[in-house]
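K.L.:
Quick one: sequence and predicted model below, then my questions.
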Amino acid sequence: MGRAPRKAAQRKDQSRGIDRRTLLVGAGASAGLLLAWAAWPRSYRPNLNAAAGETVFNAFLKIDRSGQIVVIVPQTEMGQGITTLLPQILADELGADWRTVGVQSAPVSPLYANSLLARQWLANDWTRIAGDAGDWAIDQYATRKALMLTGGGTSVPMFHKSYREAGAAARVLLCQAAAARWDVAWESCDIQNGIISDGGQRKLRIGEVAEEAAAFGLPEILPFRQGQADRLAGQDLPRLDTPSKIDGSHNFAADIRLPDMVFASIRQGPVGDAVFKSADEAAARRVTGFLRLVRNDRWVAAVAANWWAANKALDLADPLFELSGAQLSSERIEAALEQGFSSSSGQRLYSQGDLAPLFDNATIVASEFSVDPGLHLALEPMCATARVTDDAAEIWMATQAPGLARAAIADALGLGESAVTVYPLHAGGSFGRRMDVEAGVQAALIARDMGRPVQLLWSRLEDVIQDRPSAPAHARMAAKLGRNGMIDGWLAKVAAPCGMSQTWDRIARRKPPHEAARESAESSTRLAVAGMELPYALPNWAVDHFPVDPGLPIGFAPANARLHGAFFTESFVDELAHQAGIEPVSFRIQMLGGNPRLAHCLTTVGAMGGWQGGIEGSGQGLAAHQMDGAYAAVMVDAAISGGKLSVSRIIAAVDGGDQINPDIARQQVESGLVYGLALAMGASVPYAKAMPRRAIMGRMGLPRLADIGEISVELVRSSAPPAELTEAGAPLVAPAIANALFTVTGQRFRKLPLLPRT
């Protein structure tokens, strides 16, 4: 026991190595890193457990004797359908019967690292200069750190090829095993609907030769399936997670039950640098079922025989926290964002052409915009269940970063990472919130202190207070219109913190939230102005970022900085179209000569919605955007009645490549549209005295079913690689509504939420 703190301290120092700021600090360091890793060969093997009768084919597939296909999925299911999409890719290449396909969560392994999201997260100027070598270095870093990550719409683009290869490899091995029995060439065999055939009368079920097949070797060139007959890809197959979610048998974090388990609720103080000081445990003991308080420097938890008793005991204990620094308030957030423009740390992140001579003594169109922080408000609050012994720990939780969660828990307990097992569960909603890992760490510490399994569930109030919302932002937009109505010059200045940088500092570098917020305000990053890189062909344009610390820790969200970036850009483009006297669709199309996919989405959505040209009184507005292989345009019919926003129709046209399951693709887009509507209508709270002024979801101004009119989604046919569409619609709804409201009020709505609640 005496050595544990020293070991924990050593591990804590080692954890600082996962640092996006020092991954590549210069060209010389880049070259050295490439040489070092090239001389450090690694090979990884699947670390899957196989039950009796199961055969492991590769890191993504197991098959048992009965023919059950078990697909291993490393991505967190948060409602986006990823536990159907990835198995569908594999099953299509394998030739499986969809009725025999099941899913199992992947263990932590380098084989499941999401290097695509790591590239987005960890890229800096030096990796961009290094080009392919810089990407390779990040890929190696992600793999060797086992950075299993879900987010940023990267799941399908990242793993599409791997699952195709896994299915094709298994098909070849199974055909080889069957061909050996029949004494025929394996190339003459194929699998359809789970049946291996030689093209004649001889047939075998997959499970009959699964064990034999694993012993065969693969050819140098892996053949993929040809033709479209009996293909699963492109079909609207039923989701694999739907039946259990309908009948209630699906296990979320709060459904876990262990022998001798108790329940905990937690308080972490106000927003900011809060330290726990005291609590009245005597008052808490008056609650039947209360067991004890567990104290930490930053929080206090009540443990009881049931969760209601634990939460009630905390209320009576009335925990006291000491807050350092200025108290958070909405006014402070606004002031910090405005003061950011005068900061010397601003940096020009995107630049093309020369704006200075254009803007000198010219007539400029200028506007200011602002976006409030958007809360996640997932239906399931943060929750984790832990069982901890002297030398091991097991954690059941929904997490978008299981490897980093395991490392943080091991560090907190003073254990080696191999002694900690994280069982990743599906999330009851996330919107990026499950990228943070603090609930798992807290549950583990409470379980160790209690000496028995503990389930920690945050209250809704705690979930709102400790939320890490999407970034607040201010923008100063300026443009010069030419005589032909074209935009000659465009300048965007954005003051905003960076949620992705702060999240990395919290989960990888294990910085307290207030420290991560302060550090992220020290330098500019493209992650904070994503969505500001124009899809339009302009000769002269630039984007400047001014980092700030508004005192509110922020985090991952759907589309991240694109939530404010697209609002600023598309609202201002619409304003410029009216200034130029050009119909808004035509105004955009004239700048999209080099972007036919986005232009097609715009014309499609206009045709579907009966676009009237954005004329006065029409109540119609639209917006367009592109991100990571997805192109989207949204049109809405909106109005204001009695001071309340109403949206009767939302239409989206999306080109996301060749989609695996079009029905799930539409679900993803619809989900993003509703999320974007929530940001436009509410999903934000005012802050005062370091606390949110409301925490009941019914008072957030969120859209109800009665507020959501007709939603239509058109998937534009495309042969491009499939993109994940979970984030495609979210950034576009608010600017489309703002543009629609201009046609009925004559006023520009330049702030989100569009109709702020006090």
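P.N.:
Structure received. Residues are numbered from 1 along each chain as shown.
K.L.:
use CA for all of it now, contacts and neighbours both
P.N.:
OK.
K.L.:
And the average pLDDT for the strand or helix carrying Ala566 is what?
P.N.:
Taking DSSP states H and E as the criterion, Ala566 maps to helix 562-580. Helix 562-580 carries an average pLDDT of 96.
K.L.:
Who are the packing partners of it?
P.N.:
strand 365-371, strand 473-481, helix 584-589, strand 620-627, helix 733-745 (3 or more Cα pairs under 8 Å, 6 or more residues apart in numbering; DSSP states H and E).
K.L.:
what about the strands in the stretch 251-400 of the chain?
P.N.:
262-267, 273-278, 290-295, 300-304, 320-324, 347-352, 365-371, 383-388, 393-397 (DSSP state E, counting those that start in this stretch).
K.L.:
Quick check: buried residues in the longest helix along the chain?
P.N.:
Longest helix in the chain, counting residues (DSSP state H): helix 155-182. Using 16 or more other Cα atoms under 10 Å as the test for burial, helix 155-182 gives 155-160, 162-179.
K.L.:
Show me what that helix is packed against.
P.N.:
Using 3+ Cα pairs under 8 Å, 6+ apart, helix 155-182 sits against helix 82-94, strand 190-192, strand 195-197, helix 210-213.
K.L.:
Look up the closest residue to Ser66, ignoring the ones flanking it.
P.N.:
Gly207 (5.1 Å; Cα to Cα, 6 or more residues apart in numbering).
K.L.:
got a list of what the one you found touches?
P.N.:
Contacts for Gly207 (Cα atoms under 8 Å, 6 or more residues apart in numbering) come out as 63-68.
K.L.:
most surrounded residue in these?
P.N.:
Ile63 (23 neighbours; other Cα atoms under 10 Å).
K.L.:
Next one: that one from Ala213, what distance?
P.N.:
Using Cα to Cα, to the nearest Å, Ile63 is found at 10 Å from Ala213.
K.L.:
Indicate which one of the helices and strands packed on helix 562-580 is closest to Ala335.
P.N.:
strand 473-481 (10.3 Å; Cα to Cα).
K.L.:
quick one, phi psi at Arg257?
P.N.:
phi -130, psi 130 (degrees, to the nearest 10).
K.L.:
circling back to that earlier point, mind saving the C-alpha coords of the helix holding Ala566 as CSV?
P.N.:
Extracted C-alpha coordinates of helix 562-580, given in CSV (Å, rounded to 0.1, in the frame of the first residue of the first chain):
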residue,chain,number,x,y,z
ARG,A,562,-19.3,23.9,-37.1
LEU,A,563,-22.4,24.7,-35.0
HIS,A,564,-21.4,28.3,-34.8
GLY,A,565,-19.2,28.4,-37.9
ALA,A,566,-22.1,27.5,-40.3
PHE,A,567,-24.4,29.8,-38.5
PHE,A,568,-22.1,32.8,-39.0
THR,A,569,-21.2,31.9,-42.6
GLU,A,570,-24.6,31.0,-44.0
SER,A,571,-26.5,33.8,-42.2
PHE,A,572,-24.0,36.3,-43.6
VAL,A,573,-24.1,34.9,-47.1
ASP,A,574,-27.9,35.3,-47.0
GLU,A,575,-27.5,38.9,-45.8
LEU,A,576,-25.1,39.6,-48.7
ALA,A,577,-27.4,38.1,-51.2
HIS,A,578,-30.2,40.5,-50.2
GLN,A,579,-27.7,43.4,-50.2
ALA,A,580,-26.7,42.4,-53.8
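K.L.:
Just the buried residues of it, please?
P.N.:
The neighbour-count check on helix 562-580 (16+ other Cα under 10 Å) flags 562-578, 580 as buried.
K.L.:
mind showing which ranges of the chain have poor pLDDT?
P.N.:
For the chain, applying pLDDT under 70 flags the ranges 1-43, 758.
K.L.:
can you pull the contacts of the most centrally placed residue in it?
P.N.:
Central residue of the chain (Cα atoms, centre = their mean): Gly151, 3.0 Å from the mean position. Residues near Gly151 by Cα under 8 Å, 6+ apart: 117, 400, 432.
K.L.:
and which of those is nearest Pro74?
P.N.:
Gln400 (9.6 Å).
K.L.:
what's near enough to touch that closest one?
P.N.:
Contacts of Gln400 by Cα under 8 Å, 6+ apart are 75-76, 148-151, 432, 434-436.
K.L.:
do the same with Phe263
P.N.:
Phe263 touches 303-307, 310, 454-457, counting by Cα under 8 Å, 6+ apart.
K.L.:
Dump the residues you listed into JSON lines; add neighbour count and distance to Val420 as well.
P.N.:
Formatted as JSON lines, these follow (neighbours: other Cα atoms under 10 Å; distance: Cα to Cα, whole Å):
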{"residue": "Val303", "neighbour count": "29", "distance to Val420": "23"}
{"residue": "Ala304", "neighbour count": "25", "distance to Val420": "25"}
{"residue": "Ala305", "neighbour count": "16", "distance to Val420": "26"}
{"residue": "Asn306", "neighbour count": "17", "distance to Val420": "26"}
{"residue": "Trp307", "neighbour count": "22", "distance to Val420": "25"}
{"residue": "Ala310", "neighbour count": "29", "distance to Val420": "26"}
{"residue": "Val454", "neighbour count": "29", "distance to Val420": "16"}
{"residue": "Gln455", "neighbour count": "31", "distance to Val420": "17"}
{"residue": "Leu456", "neighbour count": "30", "distance to Val420": "18"}
{"residue": "Leu457", "neighbour count": "25", "distance to Val420": "20"}
